[in-house]
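>>> Have a look at this fold, sequence not included:
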Ligand code: PAF
């Protein structure tokens, strides 16, 4: 697997490739990321991942500083999984970066509690697309709001990249796999898994829902 850290070098490398399937990540890779790589491998194209912990999308410095880092393991996992190249830029990628403002829909759902988060996501994704010029790029449905905002951004700006969404991978207890789960205590993990259980139950029983059922499950959370 080719490892590239300088973005100028990646741009030159990209010019030698016909098409590229691109998986952007912030590292600390797990099975969920590997399903993105697997999906990327199902197309006849060079498969490239990126690893960059983007400070622009953290509204809390301690969250950024404590974000789990496992670069050597990540590189080994990508290589073992058949990824063809990985782009690992340093913070110079942020110099003179074009700031993207997310639309107002980013102020709802999880954006409500993370001011500036989606501006930061769109800003870095736009920059990564500029460098890697992907034919297609892969995002998990786990981050559904992110996925929707990226799809809309690409459409509105006529970017020549196809956005492919990939199903969520879950732990045995139903919790969606996420690098951030490493920061949860055992009891918080257990609580978090109840969210999926409860939402699935509500979905499966949508025709016979009552306030009583909803309140009972609210108490579980
Ligand atoms: O989903 C992520 O890991 C990040 O938000 C992304 C898309 C790599 C941008 O930093």
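All right, it came through fine. Computed from a predicted model, the values in this text were never measured in an experiment.

>>> by contact count, what packs against the helix or strand of the chain with the lowest mean pLDDT?
Across the helices and strands of the chain, mean confidence by mean pLDDT, DSSP states H and E is lowest for helix 211-220: a mean of 73. Contacts defined by 3 or more CB pairs under 8 Å, 6 or more residues apart in numbering; DSSP states H and E place helix 211-220 against helix 186-204. Backbone N, C-alpha and C define where each C-beta goes, glycine included.

>>> Would you mark the buried spots in the least confident helix or strand of the chain?
Across helix 211-220, burial judged by 16 or more other CB atoms under 10 Å covers no residue at all.

>>> just stretch 181-194 next, same as before
Those would be 181, 192, 193, 194, for stretch 181-194 by 16+ other CB under 10 Å.

>>> so what's residue 122 scoring on pLDDT?
Residue 122 is assigned a pLDDT of 98 by the prediction.

>>> any idea of the pLDDT on the closest residue in space to it that isn't next to it in sequence?
Excluding the flanking residues, the one nearest residue 122 by CB to CB, 6 or more residues apart in numbering is residue 100, at 4.1 Å. Residue 100 is assigned a predicted lDDT (pLDDT) of 98.

>>> Checking residue 100 next. Helix, strand or coil?
coil (DSSP: H, G, I helix; E, B strand; the rest coil).

>>> pretty sure it contacts residue 127?
No - between residue 100 and residue 127 there is no contact under CB atoms under 8 Å: 9.0 Å.

>>> ok, now how distant is the residue nearest to residue 122 from residue 157?
Distance, residue 100 to residue 157, by CB to CB, to the nearest Å: 9 Å.

>>> what's near enough to touch the residue nearest to residue 122?
Residue 100 is in contact with 119, 122, 123, 126, 153, counting by CB atoms under 8 Å, 6 or more residues apart in numbering.

>>> ok, now which ones touch residue 64?
Going by CB under 8 Å, 6+ apart, residue 64 touches 53, 55, 58.

>>> Tell me the spacing between the residue nearest to the last one when sequence neighbours are not counted and residue 145.
Of all residues not flanking residue 58 in the chain, residue 64 sits nearest, at 3.8 Å (CB to CB, 6+ apart). The spacing between residue 64 and residue 145, counted by CB to CB, is 20 Å.

>>> Quick one: neighbours of residue 179, just the number.
19 (other CB atoms under 10 Å).

>>> helix, strand or coil for the residue nearest to it when sequence neighbours are not counted?
Ranked by CB to CB, 6+ apart and with sequence neighbours excluded, the top spatial neighbour of residue 179 is residue 28, at 3.8 Å. Here residue 28 is coil, with the state taken from three-state DSSP.

>>> Quick one: residues contacting residue 28.
Here residue 28 is in contact with 67, 68, 69, 70, 74, 179, 182 (CB under 8 Å, 6+ apart).

>>> quick one: the fourth one from the ligand, how far?
Right, residue 70. Distance, residue 70 to the ligand, by CB to the nearest ligand atom, to the nearest Å: 14 Å.

>>> same thing with the fifth one?
When distance is defined by CB to the nearest ligand atom, residue 74 is 12 Å away from the ligand.
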